[in-house]
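*Asks:* okay, structure incoming, though there's no sequence with it:
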């Protein structure tokens, strides 16, 4: 198995409006059987217990979920603890098909972003690891600096693709618990500029994942 250790990838900020694609590996159902998802749970300030639910039936073709409690904000009246928020998903997998490994390859996130001044930076962190090998971790970082435009109010869609060399592969035999931590943080001129990332009036923050497979 190809391992990485405490690997940090700094990715340039970018917006993506493209819809998630089904990985070509997922089209070869006649050659493998995906592992069973025994359970899915969530933890973190952005998804307190009981606020997020997902059907494990659709994990392999279209795994997406809403985070209605996920919101970060900064400004003169906000507390420092409001400036960062996270949600960690824990997926407990049964044994994979003999001779195959899977990994999380692509991550999409969508939320509503507002600022009323320049100098604030929004940063998204995505960390992936299996519980039985927590030291083998991949982390991606995307930054969205505010511009000279003093008033921004828009839905922000981000696409992160984990580099091939940093993919965190499942065990070749047996199951495992995959942990995916999605975190948003504000930094910069947080004392005099108001900024917000979270749900809008008609939608929640959303995550969507896409997988890749390989022989082992």
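*Replies:* Yep, it's here. None of these values were measured; they are calculated from a predicted model.

*Asks:* residue 82 touches residue 73, doesn't it?
*Replies:* Yes. Here residue 82 reaches residue 73: they are 5.0 Å apart, a contact under C-beta atoms under 8 Å. All C-beta atoms are positioned from the backbone trio N, CA, C, and that covers glycine.

*Asks:* in this protein, where's the longest strand?
*Replies:* As assigned by DSSP state E, the longest strand anywhere in the chain is strand 100-115.

*Asks:* and it, average pLDDT?
*Replies:* Strand 100-115 carries an average pLDDT of 92.

*Asks:* what pairs with the following helix or strand past that strand, parallel or antiparallel?
*Replies:* The element immediately downstream of strand 100-115 (helix or strand, assigned by DSSP states H and E) is strand 120-130. Strand 120-130 pairs in its sheet with strand 138-145 (antiparallel), strand 176-188 (antiparallel), by DSSP bridges.

*Asks:* find the centremost residue of this protein, please.
*Replies:* residue 182 (4.2 Å; C-alpha atoms, centre = their mean).

*Asks:* follow-up on the earlier one: give the partner strands of the longest strand of the chain in its sheet and their orientations.
*Replies:* Partner strands for strand 100-115, per DSSP bridges, with pairing direction: strand 152-161 (antiparallel), strand 195-198 (antiparallel), strand 205-215 (antiparallel).

*Asks:* tell me the mean pLDDT for the longest one?
*Replies:* Read it as strand 205-215. 91.

*Asks:* now what about that strand, what contacts it?
*Replies:* Residues from elsewhere that reach strand 205-215 (C-beta atoms under 8 Å, 6 or more residues apart in numbering): 20-23, 25-26, 32, 46, 60, 62-68, 70-71, 87, 89, 99-111, 167, 169, 180, 182, 197-199.

*Asks:* if you set the cut-off to 7 Å instead, what comes out?
*Replies:* 20-21, 23, 25-26, 60, 63-67, 70, 99-111, 167, 182, 198-199 (C-beta atoms under 7 Å, 6 or more residues apart in numbering).

*Asks:* for PyMOL, write a command that selects the buried ones of these.
*Replies:* Command for PyMOL that selects the buried part of the contacts of strand 205-215, burial taken from 16 or more other C-beta atoms under 10 Å:
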select buried, resi 20+23+25+26+60+63+65+66+67+70+100+101+102+103+104+105+106+107+108+109+110+111+167+182+198+199
